[in-house]
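*Asks:* all I have is the shape, not the residue letters:
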């Protein structure tokens, strides 16, 4: 199965301020705020939901096609993704804008001041999926990830026109989208991904019950944090899959890692239960590192951990997946 992933491609610039933001704010002068913080640390991380998911799929040997817009500053990032098995031929380079960028400063109390520059991502709606599918020899499934809202709707419509199966992953953009757009994005999807909060917000915005949403997609997947994952299909009992034991270092990108593991198993016809299990495992690997693309998937320890969590048959399936992908 050839998988393409659309959505945001971004770099994160994360800084730390060794003090308290609150102590610098004067309540009677908030309309005249003019502050600059001398920060102690700076971390630059590769990110963006589409790039994160594609990275995970590439590490699992699937050679996914990444689709999105970037700036001329993307060269080093592109090389990184290619080195990790990602096909970047579907990435277009803007002549006007930089790659999307998130800049965030955190103080000693965990308070944040951040901004997100959309950059080249605003041009995603100019991308046509048909030529990309043709140049890579066909695409079997396209994950429509969070990115430019207009592009998300356009990609979904193109999937329907081209007869390509699609997975919907509105993620953080569900907060911005209105009800009709959310309904348009998920209706007829092969897979619908969300965390618990996003799932509830999806129901609120669409006006559809959980049962009605499940009836409109083939498979609904909800990540439950420490509770693992839930898989729903119309007319069948829910499938609850426990999480892999983990001591988290950072949560950023864990949901993207889950989707990579889930779709890798689906691509190898391992079934929904094994897909949710592998999603949980890759999410755990992400949680144990700082940065959404910093984890490593070494076959032997990965297989052993999978077998310890879900049984020897699961370990055998993962070993076969990794062997077929090498």
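*Replies:* That came in fine, so what should we check first? Remember, predicted model here, so these are calculated numbers, not experimental data. Numbers count the residues shown, from 1 in each chain.
*Asks:* CA only for contacts and neighbour counts going forward, please
*Replies:* Fine.
*Asks:* what packs against the lengthiest helix in the chain?
*Replies:* Residue-count comparison of every helix in the chain, with assignments taken from DSSP state H, identifies helix 272-287 as the longest. Helix 272-287 sits against strand 229-232, strand 239-241, helix 254-267, helix 299-310, with contacts defined as 3 or more C-alpha pairs under 8 Å, 6 or more residues apart in numbering; DSSP states H and E.
*Asks:* now do it, average pLDDT.
*Replies:* When pLDDT is averaged over helix 272-287, the result is 97.
*Asks:* cool, stretch 128-146 as well?
*Replies:* Mean pLDDT, computed over stretch 128-146, is 97.
*Asks:* and stretch 295-302, by the same measure?
*Replies:* For stretch 295-302, mean pLDDT rounds to 96.
*Asks:* ok now that stretch, how far from the chain's centre?
*Replies:* 20 Å (C-alpha atoms, centre = their mean, to the nearest Å).
*Asks:* which stretches of the protein form helices?
*Replies:* Using DSSP H, the helices of the chain run over 49-59, 75-83, 129-135, 149-162, 179-186, 196-206, 210-216, 254-267, 272-287, 299-310, 312-325.
*Asks:* tabulate those helices (TSV), appending mean neighbour count.
*Replies:* Formatted as TSV, the entries for those read as follows, by neighbours: other C-alpha atoms under 10 Å:
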stretch	mean neighbour count
helix 49-59	29
helix 75-83	15
helix 129-135	15
helix 149-162	18
helix 179-186	19
helix 196-206	17
helix 210-216	18
helix 254-267	26
helix 272-287	26
helix 299-310	17
helix 312-325	17
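*Asks:* of all the ones you listed, which one comes closest to residue 104?
*Replies:* Smallest distance to residue 104 across those (C-alpha to C-alpha): 17.1 Å, for helix 49-59.
*Asks:* which residues does the closest one contact?
*Replies:* Defining contact as C-alpha atoms under 8 Å, 6 or more residues apart in numbering, one finds that helix 49-59 is touched by 5-10, 63-67, 81, 84-86, 145-146, 253, 256-257, 259-261, 263-264, 282, 292-293, 296-297.
*Asks:* how far off helix 254-267 does that helix point, in degrees?
*Replies:* Taking axes from the mean of the first three to the mean of the last three C-alpha atoms, to 10 degrees, one finds helix 49-59 and helix 254-267 inclined to each other by 50 degrees.
*Asks:* quick one: average pLDDT of helix 49-59?
*Replies:* 97.
*Asks:* same check on stretch 161-169?
*Replies:* Per-residue pLDDT values across stretch 161-169 average out to 98.
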